[in-house]
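Chemist: Have a look; sequence and predicted model below, questions after that.
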Amino acid sequence: MIMIDLNADLGESFGAYTIGMDSQVIPCISSANLACGWHAGDPIVMEQTVALAKKNGIAIGAHPSFPDQLGFGRRNMTISSDEARCYIKYQVGALLAFVRAEGMILQHVKPHGALYNMACRDETLAMAVCKGIAQVDRTLIVLAPAGSCLLQAAERLGLPTAGEVFADRAYRDDGTLVPRGMSGAVIRDRDKAVQRVIQMIEQGTVDSISGRKIPITAQSVCIHGDNPDALKLARQLRCTLQERGIGIATLREFI
């Protein structure tokens with residue numbers, strides 16, 4: 001049986017602001033990427049979301065970012081390798097405290113937003129990020145696109161890895177995501193998004209925004225929790241996967 005992990009970026013509410021539909025999306029996924037307080041989230045939200053994940057039996061991953069709450073972590077920043085390494089240690093360590101308090105195990109790390117996109121292209125930044133992860137826990141799975149600088153750095157350091165794909169994002173010919181500011185970057189048609197995911201899982205390809213069929217490795221599918229259509233997409237995708245005999249499991253179960 002083909003196995004796939006379904007992940008979503010959650011725990012992104014903070015203070016007086018509610019972002020996403022965490023309590024409704026969580027039952028549809030197998031892994032959650034939890035904000036660590038720098039682009040979103042706060043200690044109360046982190047504690048509540050960890051408890052919610054435990055209640056629903058899903059795995060937890062850290063979702064660290066640049067220190068950019070105003071920009072929701074989606075603005076590029078220039079930082080040193082030591083800063084990147086310590087930023088990761090700081091945020092992963094914070095979430096790890098809440099995870100351990102609930103008697104759970106942290107499964108993976110997936111950088112957020114601009115940090116994720118930059119580390120996927122920049123070898124130096126990718127290595128700094130992975131060194132930070134390794135200094136916290138060498139069993140943590142690094143979640144990022146297959147073939148990216150981020151996964152290559154993880155592999156060089158001997159960290160476990162998983163190839164991530166996106167249900168609701170368009171791809172460029174080089175396999176990177178179309179920037180959010182460009183037309184067509186976010187796929188709004190749920191049927192189209194689900195069909196693309198099935199193609200990625202079963203055929204190992206995806207159609208780029210220019211129409212080219214490019215190779216892709218799908219071990220975990222991301223559904224953005226801040227997408228207004230996230231809940232409907234998660235439910236439809238889960239139902240379709242089950243109908244096609246594709247198993248849904250946490251990364252730890254098959255990586």
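Modeler: In hand now; what should we look at? Numbers count the residues shown, from 1 in each chain.

Chemist: just checking, next helix/strand downstream of the helix or strand hosting A126?
Modeler: A126 is part of helix 123-136, with elements assigned from DSSP states H and E. Later in the chain than helix 123-136, the nearest helix or strand by DSSP H and E is strand 141-144.

Chemist: Quick one: distance of that next one to the chain centre.
Modeler: 8 Å (CA atoms, centre = their mean, to the nearest Å).

Chemist: Which strands or helices does that strand pack on?
Modeler: strand 106-109, helix 113-121, helix 149-156, strand 161-166 (3 or more CB pairs under 8 Å, 6 or more residues apart in numbering; DSSP states H and E). C-beta here means a position set from N, CA and C on the backbone, and glycine is covered the same way.

Chemist: Can you tell me which of the ones you listed is packed in deepest?
Modeler: Neighbour counts (mean count of other CB atoms under 10 Å) averaged over each of these peak at strand 106-109, with a mean of 26.

Chemist: which stretch among the helices and strands packed on strand 141-144 comes nearest G57?
Modeler: Closest approach to G57 among those (CB to CB): strand 106-109, 12.5 Å.

Chemist: what's the closest of the helices and strands packed on strand 141-144 to F66?
Modeler: Per CB to CB, nearest to F66 of those: helix 113-121, 5.1 Å.

Chemist: what is the orientation angle of the closest one with strand 161-166?
Modeler: 120 degrees (axes from the mean of the first three to the mean of the last three CA atoms, to 10 degrees).

Chemist: Counting by contacts, list what helix 113-121 packs against.
Modeler: helix 123-136, strand 141-144, helix 149-156.

Chemist: How about residues contacting that helix?
Modeler: Contacts to helix 113-121, defined as CB atoms under 8 Å, 6 or more residues apart in numbering, come from residues 39, 64-66, 68, 72-77, 84, 110-111, 125-126, 129, 144-145, 148-150, 176-177.

Chemist: Stretch 183-199 now?
Modeler: Contacts for stretch 183-199 (CB under 8 Å, 6+ apart): 165, 167-170, 177-180, 205-207, 209, 218, 221, 227, 229, 232-233, 236-237, 240-241, 244.

Chemist: Would you write a ChimeraX line that selects the buried entries of these?
Modeler: To isolate the buried members of those in ChimeraX, using 16 or more other CB atoms under 10 Å:
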select :165,167,168,169,170,177,178,206,218,221,227,229,233,236,237,241
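
Chemist: and the contacts of stretch 183-199, which of them are in strands?
Modeler: Among these, DSSP state E puts 165, 205-207, 221 in strands.

Chemist: Between which two of these is the distance greatest?
Modeler: So, the ones in strands among the contacts of stretch 183-199 by CB to CB: farthest apart are D207 and V221, at 16.1 Å.

Chemist: for A16, what are its contacts?
Modeler: Counted by CB under 8 Å, 6+ apart, A16 has zero contacts.

Chemist: And the pLDDT for it?
Modeler: In this model, A16 is scored at 94, pLDDT.

Chemist: what do you get for G225?
Modeler: For G225, the predicted pLDDT is 64.

Chemist: What of A218?
Modeler: So A218 comes in at 97 (pLDDT).

Chemist: any idea how far I79 is from it?
Modeler: When distance is defined by CB to CB, to the nearest Å, A218 is 30 Å away from I79.

Chemist: and what of R244?
Modeler: R244 is 43 Å from I79, by CB to CB.

Chemist: now H224
Modeler: 24 Å.

Chemist: Have a look at those two and say which one is more surrounded.
Modeler: H224 (21 against 16; other CB atoms under 10 Å).

Chemist: give the contact list for the more buried one.
Modeler: 8-9, 166, 168-169, 230.

Chemist: try 6 Å this time
Modeler: 9, 168 (CB atoms under 6 Å, 6 or more residues apart in numbering).
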